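Student: sequence? don't have it. structure:
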């Protein structure tokens with residue numbers, strides 16, 4: 001739950017980082033972001049490549065988000081609502097379209113950032129420990 005919650009904080013932080021560079025929210029597209037054995041990752045399609053020298057600034061934004069004490073709130077939605085939430089993001093559109101009709105679709109929100117997610121999460125960003133380190137970036141092909 002710790003890693004998964006930090007993945008959401010990082011995803012939000014990357015959005016804030018690019019907003020600070022003058023990009024709108026629709027410029028960032030997000031794939032999946034699961035926790036893994038030694039941490040987590042997040043797939044992004046960004047308006048300009050993220051470089052390893054950007055990571056300390058993103059960590060700083062993440063620590064700021066943690067201090068904001070934002071609640072993680074869960075919301076069940078219909079497939080139509082889910083698709084309407086991300087009209088600019090082909091990755092979220094594909095993920096939502098592929099979900100079974102009989103399974104609930106859940107979104108988690110922290111402040112003004114919402115993402116498709118099964119959860120669970122820490123109840124609040126302020127409850128997350130500050131012990132984390134962003135280690136690297138890499139390139140990937142969607143679903144490849």
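Tutor: Yep, that arrived. A quick note: this is a predicted structure, and the numbers were derived from the prediction, not measured.

Student: Residue 102 falls within a strand, correct?
Tutor: No. Assigned with DSSP: H, G, I helix; E, B strand; the rest coil, residue 102 falls outside any strand and is coil.

Student: So for it, what pLDDT did the model give?
Tutor: If you check residue 102, the pLDDT there is 82.

Student: Distance check, it against residue 31.
Tutor: Using Cβ to Cβ, to the nearest Å, we find residue 102 at a distance of 24 Å from residue 31. No exception for glycine: its C-beta is placed from N, CA and C like everyone else's.

Student: Which residue of the two possesses the greater neighbour count?
Tutor: For residue 102 versus residue 31, neighbours defined as other Cβ atoms under 10 Å are more numerous around residue 31 (18 against 5).

Student: Would you map the strands across this protein?
Tutor: Taking DSSP state E as the criterion, the chain contains strands spanning 29-30, 35-36, 39-40, 44-45, 72-77, 105-110, 113-116.

Student: now for the lengthiest helix in the chain, which elements pack on it?
Tutor: When the chain is scanned for its longest helix (criterion: DSSP state H), the result is helix 2-20. If contacts are counted by 3 or more Cβ pairs under 8 Å, 6 or more residues apart in numbering; DSSP states H and E, helix 2-20 sits against strand 35-36, strand 39-40, helix 55-68, strand 105-110, strand 113-116.

Student: With distance to residue 16 and mean pLDDT added, can I get the ones you listed in a markdown table?
Tutor: A markdown table is the format used below for these (distance: least, Cβ to Cβ, whole Å; pLDDT from 0 to 100):
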| stretch | distance to residue 16 | mean pLDDT |
| --- | --- | --- |
| strand 35-36 | 21 | 87 |
| strand 39-40 | 18 | 88 |
| helix 55-68 | 5 | 97 |
| strand 105-110 | 12 | 94 |
| strand 113-116 | 9 | 93 |
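
Student: These: which one's closest to residue 131?
Tutor: Proximity to residue 131 (Cβ to Cβ) singles out helix 55-68 among these, at 10.7 Å.
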